[in-house]
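**Student:** Quick one, what's the 3D model for this:
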Amino acid sequence: MQTRCIAFFLLLLFQAGNAANFIINLAGNWDFSSSNESINGVGTVPGDIYSDLYAAGIIDDPLFGENHLNLKWIAEDDWTYSRTFMLSELEDSAAVFLDIESLDTVATVYVNDQKVLHTRNQFLPNQANVTDLVINGLNYIMIYFKSPVKYAARKAGQYLVTLMTETTGNAPIFRQLLATNSPLTVIQTYITETVIRISLGHWHVEFEFETFHYGARTIEYIVMIPELFIRESDIFLLSANKRMQSKSRNKLAFKIPMPMEPKRWWPNGMGEQKTYDVIVSMGSQVKQKKIGFKTVELVQDFIEKSKPAKGRNFYFKVNGEPVFLKGTNWIPVSMFPSNNTNLARMKFLLDSVAEVGMNVVRVWGGGFYETDEFYDYATKKGILVWQVSLV
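**Tutor:** Sure, this is the predicted structure:
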């Protein structure tokens, strides 16, 4: 059973009379144990159960010989990760949130022995309001991971067709715990952008903001592309639900006129990989990312219109030019998630892809959604990404 654990943070935001943000990073040592507690030790977050067991001398190298078969019992057991964390100077008006990027896969989270959430999908983020559960002083968090292999076997019995072969299981990814003394705090905002050329010299740019926040408020989103002298803004109402933990989705769209015609981004070997800095601010948060302007078209017209039986074409055009795709399949850098955030290794592989003249990678659907650094670096190197939906 693989266990993925990403950094776990405690963020204290004191906005009234105290401008500083206090961050307690809970990455590091976590206690782990098997379901019957016959196996236990101290693991590392971020990390995975195989690496933790190997580092503790409990198992041999999982990648040696047939150890992947000898160690199948790991994926068939349940595992628990736990640790304590200290909260101090927590004001009575503070709100404490648990913001989890991913738990892989069937997991239940407890704070001070109280269940706060349950998840069965590693690709969806989770949030939980734990304000009433934490105290000033020492707190305890435990994440219980049920064997995904056994869970999947039970689910498979409900179907008449076998869809997948045997596989190992994955376990936790957790991200951050947030505390704030203000009911008007934006906790997290995810930003996606869509860039479409609507006519010669005109581009339609649309940003979508998915914002997790505490309490109802109005907030102004500002988008700037300094190199193109663009500044657009709009004000949105973020509503609250009964749990005082909400998710709002808003869009801000604008057009780039002909005088500001941006330079195009081209695939490797076809031209420059021009990108523009985009600065997005919402409340006290500021985020920056890069975007490239390009058109991508999948051409599927008939080979001969008069003879449709001959079938259709299947190729891509980028910026109106046909592209001969030359690429490779991308799997995680390491089968162990603890090693999968190796940026140097990731850059070396994408550098190699570009150096041999490739212009596309297909992200395998049996791995993980890659980090922002991966997609940004692929853009920098002129590598198109064919993203397969993960299973």
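**Student:** buried residues in the helix or strand harbouring Ile143?
**Tutor:** Element membership for Ile143 (DSSP states H and E) is strand 137-145. Buried positions in strand 137-145, judged by neighbour count with 16 or more other Cβ atoms under 10 Å: 139, 141-145. To be clear about C-beta, it is placed using only N, CA and C from the backbone, and glycine gets the same treatment.
**Student:** Please apply the same query to stretch 52-60.
**Tutor:** By neighbour count with 16+ other Cβ under 10 Å, stretch 52-60 contains the buried residues 52-54, 59.
**Student:** if we take those residues, which one ends up nearest to Phe374?
**Tutor:** For the buried residues of stretch 52-60, the minimum distance to Phe374 (Cβ to Cβ) is 24.8 Å, reached by Asp52.
**Student:** For Val149, see how far away that closest one is.
**Tutor:** 18 Å (Cβ to Cβ, to the nearest Å).
**Student:** ditto for Pro308
**Tutor:** For Pro308 relative to Val149 (Cβ to Cβ), the value is 47 Å.
**Student:** Indicate each strand paired with the strand holding Ile143 and its parallel or antiparallel sense.
**Tutor:** Strand 137-145 has its sheet partners listed here by DSSP bridges as strand 79-87 (antiparallel), strand 107-111 (antiparallel).
**Student:** Toward the C-terminus from that strand, list the very next helix or strand.
**Tutor:** helix 148-156.
**Student:** Ile230 - how many residues pack around it?
**Tutor:** Using other Cβ atoms under 10 Å, Ile230 has 18 neighbouring residues.
**Student:** on that earlier part again, so which of the buried residues of stretch 52-60 belong to strands?
**Tutor:** Among these, none falls in strands (DSSP state E).
**Student:** So Ala56 sits against Ile49, correct?
**Tutor:** No. Checked against Cβ atoms under 8 Å, the pair Ala56 and Ile49 is beyond contact range at 10.4 Å.
**Student:** So for the two, which residues contact both of them?
**Tutor:** Common neighbours of Ala56 and Ile49, using Cβ atoms under 8 Å, 6 or more residues apart in numbering, are Gly43.
**Student:** before we move on, back to that, with neighbour numbers in mind, choose between Pro308 and Val149.
**Tutor:** Val149 (17 against 10).
**Student:** Quick check, the more buried one in contact with Asp77.
**Tutor:** No. Counting by Cβ under 8 Å, Val149 stays clear of Asp77, with 9.3 Å between them.
**Student:** would you list the buried residues of strand 137-145 in TSV and tack on distance to Phe209 and pLDDT?
**Tutor:** Below are those laid out as TSV (distance: Cβ to Cβ, whole Å; pLDDT from 0 to 100):
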residue	distance to Phe209	pLDDT
Asn139	31	93
Ile141	29	92
Met142	33	93
Ile143	29	92
Tyr144	33	94
Phe145	32	92
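**Student:** Looking at those, which is nearest Tyr276?
**Tutor:** Nearest to Tyr276 among the buried residues of strand 137-145: Ile143, at 40.2 Å, using Cβ to Cβ.
**Student:** Quick check: bridge partners of the closest one?
**Tutor:** Here Ile143 shows beta-bridge partners Tyr81, Val109, assigned using DSSP bridges.
**Student:** hang on, the earlier thing: for the strands paired with strand 137-145, which one sits closest to Leu237?
**Tutor:** strand 107-111 (30.5 Å).
**Student:** pLDDT of whichever helix or strand comes after the closest one, averaged?
**Tutor:** Using DSSP H and E, the helix or strand that follows strand 107-111 in sequence is strand 114-119. Averaged across strand 114-119, the pLDDT comes to 93.
**Student:** tell me the angle strand 114-119 makes with strand 107-111.
**Tutor:** Inter-element angle recorded for strand 114-119 and strand 107-111: 160 degrees (by axes from the mean of the first three to the mean of the last three Cα atoms, to 10 degrees).
**Student:** Show me what strand 114-119 is packed up against.
**Tutor:** Identification of packing neighbours for strand 114-119 by 3 or more Cβ pairs under 8 Å, 6 or more residues apart in numbering; DSSP states H and E yields strand 95-100, strand 107-111, strand 126-129.
**Student:** of all those, which lies closest to Leu26?
**Tutor:** Smallest distance to Leu26 across these (Cβ to Cβ): 11.4 Å, for strand 95-100.
**Student:** neighbouring strands for the helix or strand following that closest one, and are they parallel or not?
**Tutor:** Next helix or strand after strand 95-100 toward the C-terminus (DSSP H and E): strand 102-103. The strands beside strand 102-103 in its sheet (DSSP bridges) come out as strand 172-173 (antiparallel).
**Student:** what about the partner strand, average pLDDT?
**Tutor:** Mean pLDDT, computed over strand 172-173, is 48.
**Student:** Please apply the same query to stretch 374-391.
**Tutor:** Stretch 374-391 comes out at a mean pLDDT of 94.
**Student:** Could you do stretch 277-287 as well?
**Tutor:** Here the average pLDDT along stretch 277-287 is 83.
**Student:** Buried residues, it. List them.
**Tutor:** Result for stretch 277-287 [16+ other Cβ under 10 Å]: buried residues 278, 280-283.
**Student:** who's in contact with Ala56?
**Tutor:** By Cβ under 8 Å, 6+ apart, the contact set of Ala56 is 41-43.
**Student:** So which of those is surrounded by the most neighbours?
**Tutor:** Gly43 (26 neighbours).
**Student:** can you pull the contacts of the residue nearest to it when sequence neighbours are not counted?
**Tutor:** Closest residue to Gly43 apart from its sequence neighbours, by Cβ to Cβ, 6 or more residues apart in numbering: Asp52 at 3.5 Å. Contacts for Asp52 (Cβ under 8 Å, 6+ apart) come out as 3, 32, 41-44.
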